[in-house]
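> One predicted model, sequence on top.
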Amino acid sequence: MSIVIGMDEAGYGPNLGPLVISVVAWKSAWTPRETDFWRLLEPIVTQTPQRNDVRLHVADSKAVYTPGRGIKQLERSVLAMLGLVGQMPHTFRELVQFVSPHTLAEFALEPWFVENDIELPLLNESEEIAQVSERWRKECEQCQLELLGLRSDIVGTVRFNQEVERHQSKGVVLSQATINLLHQVWEPVSQDVCWVIGDKHGGRNRYDDLLEPLAGESMILRREEGTQRSEYRIHQTDIRFQTKAEAHFPVALASMLSKYLREVSMELFNRYWQSHVPDLKPTKGYPTDARRFRKDVAEVQQELTIHDNCFWRSR
């Protein structure tokens, strides 16, 4: 038995809305590097769906979701994945309670989350998701694969700004939040043979200092460091940071979970402001449009005494 863990983020670049990081862990009957998820699960998932393809679309979230294509396929795959661990959330808060429970306390700091919620699924039918999730579960049983767990960290604007002020770098904020989340998922299985994979963080090539909280008193073996990938070993765990890590199945799922959480968060954000500003055009939060949105709501923001610290990300 071995463990394969993928980690990825969504929302690193925007000025509005949360930064979301997710970690997804799978158990396999094979060694980590021999586990070809794409081949084993081909009857139920695909990276490149064809016309009328009923399989779940699993890939880098940027390939599954675009504003033009919409959120339906992203949502279908993410909620079906949650079904593998017995979760079928009916609201956004139920989803957050499971994947990122500490976030619920932080919701009190941002008015668009305080008393607002949204029913799930947004664009799919619950019954169809339950059915495809059950087919996925049976396929996993046949392939001797098991989704062990998934966790997210929804870093709201207040905490994001506090951490950026403390570290003077949003790159450090991303890296530390990622390692902290990984620690939660990895620690219970740290004595097993594990392979952890995630995207490189910007131009960083060295990660051994970031991994110290995982290693404790143990040695961190540096196996490779370079522009394409950096890999380390702690106990029986190999940890790799590489470019285009979403090519790995668990990383793609982490990418999609992060993206779904961010998109539903932005739906609540936009609904809140549209309830106060008639005919307001919604935003995805990325810099150019975020500045437009900030200008459009400035007067109401002042009337509602909403401080920039909970509205606008400093970097």
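Okay, I see it.
> Which strand or helix spans the most centrally placed residue in the chain?
Residue closest to the average C-alpha location in the chain (CA atoms, centre = their mean): Ser258, at 2.1 Å. Taking DSSP states H and E as the definition, Ser258 sits inside helix 249-276.
> Over to Tyr12. Which of the three states is it?
With DSSP: H, G, I helix; E, B strand; the rest coil as the basis, the three-state label of Tyr12 is coil.
> That one: how many residues sit nearby?
Residues lying near Tyr12 (other CB atoms under 10 Å) number 16. Where C-beta positions appear, they are placed from N, C-alpha and C, glycine not excepted.
> What's the per-residue pLDDT of the closest residue to Gly17 other than its chain neighbours here?
Leaving out its chain neighbours, the residue that sits closest to Gly17 by CB to CB, 6 or more residues apart in numbering is Gly285, at 4.2 Å. We note a pLDDT of 98 for Gly285 in this prediction.
> any idea how far the least confident helix or strand in the chain by mean pLDDT is from the chain center?
One helix or strand of the chain scores below all others by mean pLDDT, DSSP states H and E: helix 212-215, with a mean of 91. Distance of helix 212-215 from its chain centroid, counting by CA atoms, centre = their mean, to the nearest Å, is 22 Å.
> Show me which residues of whichever helix or strand comes after it are buried.
Downstream of helix 212-215, the first helix or strand assigned by DSSP H and E is strand 221-224. By neighbour count with 16 or more other CB atoms under 10 Å, strand 221-224 contains no buried residues.
> Can you tell me which helices and strands strand 221-224 packs against?
When contacts are defined as 3 or more CB pairs under 8 Å, 6 or more residues apart in numbering; DSSP states H and E, strand 221-224 sits against strand 229-234.
> list the helices and strands the helix or strand just after the strand it packs on packs on?
Scanning forward in sequence from strand 229-234 by DSSP H and E, the next helix or strand is strand 237-242. Here strand 237-242 touches strand 193-199, strand 229-234, going by 3+ CB pairs under 8 Å, 6+ apart.
> now the angle from the helix holding Ser258 to strand 237-242?
Relative orientation of helix 249-276 versus strand 237-242 (axes from the mean of the first three to the mean of the last three CA atoms, to 10 degrees): 60 degrees.
> pretty sure Cys140 is touching Leu41, no?
Yes - applying CB atoms under 8 Å, one finds Cys140 in contact with Leu41, separated by 7.4 Å.
> and for those two, which residues touch both?
Counting by CB atoms under 8 Å, 6 or more residues apart in numbering, Cys140 and Leu41 have no common neighbour.
> With mean pLDDT added, can I get the helices and strands packed on strand 237-242 in CSV?
Output for the helices and strands packed on strand 237-242, formatted as CSV (pLDDT from 0 to 100):
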stretch, mean pLDDT
strand 193-199, 97
strand 229-234, 97
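> just the ones you listed: most buried one?
Comparing those by mean neighbour count (mean count of other CB atoms under 10 Å), strand 193-199 comes out on top with a mean of 23.
> Direction included, what does that strand pair against?
Strand pairing for strand 193-199, determined by DSSP bridges: strand 2-10 (parallel), strand 237-242 (parallel).
> Figure out which of those strands is closest to Glu146.
strand 2-10 (10.0 Å; CB to CB).
> pull the CA atoms of the closest one into CSV?
This file holds the C-alpha atoms of strand 2-10, laid out as CSV (Å, rounded to 0.1, in the frame of the first residue of the first chain):
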residue,chain,number,x,y,z
SER,A,2,1.1,3.5,-0.7
ILE,A,3,-0.2,7.1,-0.6
VAL,A,4,-0.2,9.7,-3.3
ILE,A,5,-0.9,13.3,-2.3
GLY,A,6,-1.6,16.2,-4.7
MET,A,7,-1.7,19.9,-3.7
ASP,A,8,-2.6,23.0,-5.6
GLU,A,9,-4.1,26.5,-5.3
ALA,A,10,-6.6,28.9,-6.9
